[in-house]
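Visitor: coords please:
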Amino acid sequence: MRKLKQLSVLLLASLVWVSCEKGKEGCLDPAAENYDPLASRYGPCEYATDTGTVDPNLIDVKIHIEPLVKGSPFVLETVFQDSLNRNFKSSSFRFYVANVRLIDSDRNKRQVTKTELIDHNTFPPVPAGSPTWDKTIEGRVTKGTYKELYMGFGVDAELNEEYRPLDYPTDHPLNTTYNGMGWSWKDKYRFAVIEGDIDSIGNGGTDRAYYIHTGYSDLYKFNSFDLGTPITFEVGKTYHLYFTQDILRVYSGLDMATEDGRSHTQNAEKKEISIKIQENLAQSLTFSRYTVE
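Guide: The predicted structure is shown next:
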């Protein structure tokens, strides 16, 4: 009986340790009524209809991504030329960004948003009325003077390994009901979905399909971007940060007209392709300008 009691105590202690190790679950949005400053993991948020609950000391930030191919605006289902002047077009181009933070001169990182899905699609949603995502990251940050922006590419390890998409509302980027960012064969997130067709035989058409679906927690990449002259964020204003994305840079070092252009990250060889894509994604953005309103 004594051994049984000791075993029970050990089991209880281990459960407490695991719970502490994973962090407290709770609402992470300071604008919500049930915001929990001690929480470190996502939990449901509750909002009042009165917009007066929004913290007046937080500043609205919008980060706009402008995709380009050789200086021209990138649009899905439009034919462009790659670095070898071969025709290609894209049918899907979306990817996760995470832990978006502004960095001040003391290297403090102030969170703008936790997770967002960038989708270069501009067509009406199918089915009609379903949630859509775009090329803008929206969040809020404390006032201060910032010189860099930190951005992760993918879903951070804890959220990816837990993979609980139905814990989120359907219009949340981590709910995969409509955005197709969950694997069909693995309970994890797809970090990027890049699909289209390319001219593999030089006849001026687009005859060969390519598809890159990246994943696995160790493929998470990040980058920090210099904002040029430090920007002072003041309460009561909205700051728009604009980044260009070089689409051809995403494909750098790979040939979409070969097996390089086909990866579901399903084995070691294909994982190497996905690693390259994730690295390229992190390097494909460049800060261009900002505006204030």
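
Visitor: in the stretch 1-150 of the chain, which segments are predicted with low confidence?
Guide: Where the stretch 1-150 of the chain drops to pLDDT under 70, the residues are 1-25, 29-33, 40-54.

Visitor: Relative to residue 262, how far out is residue 198?
Guide: Separation of residue 198 from residue 262 (C-beta to C-beta, to the nearest Å): 11 Å. (Glycine included, C-beta is placed from N, CA and C.)

Visitor: what pairs with the longest strand along the chain, and is each one parallel or antiparallel?
Guide: Criterion DSSP state E: the longest strand present in the chain is strand 87-104. Take DSSP bridges as the rule and strand 87-104 pairs in its sheet with strand 80-81 (antiparallel), strand 109-119 (antiparallel), strand 144-153 (antiparallel), strand 192-198 (antiparallel).

Visitor: in that strand, what counts as buried?
Guide: Using 16 or more other C-beta atoms under 10 Å as the test for burial, strand 87-104 gives 87-88, 90, 92-104.

Visitor: Bridged to residue 115, which residues?
Guide: Beta-bridge partners, per DSSP bridges, of residue 115: residue 98.

Visitor: Correct me if wrong: it contacts residue 153.
Guide: No. If you go by C-beta atoms under 8 Å, residue 115 and residue 153 don't touch, sitting 11.4 Å apart.

Visitor: Compare neighbour counts for these two and give me the winner.
Guide: Neighbour tally, residue 115 and residue 153, criterion other C-beta atoms under 10 Å: the higher count belongs to residue 153, 27 against 21.

Visitor: how close does that one sit to residue 198?
Guide: 23 Å.

Visitor: Tell me what angle whichever strand or helix holds residue 227 forms with strand 144-153.
Guide: Under the criterion of DSSP states H and E, residue 227 resides in strand 221-233. Strand 221-233 and strand 144-153 are oriented at 160 degrees to each other (axes from the mean of the first three to the mean of the last three C-alpha atoms, to 10 degrees).

Visitor: C-terminal to strand 221-233, what's the next element?
Guide: Following strand 221-233 toward the C-terminus (DSSP H and E): strand 238-246.

Visitor: following that following strand, which helix or strand shows up next?
Guide: Next along from strand 238-246, by DSSP H and E: helix 247-250.

Visitor: can you give me the strands for the stretch 151-293 of the chain?
Guide: In the stretch 151-293 of the chain, the segments counted as strands under DSSP state E, counting those that start in this stretch are 192-198, 208-214, 221-233, 238-246, 262-263, 285-292.
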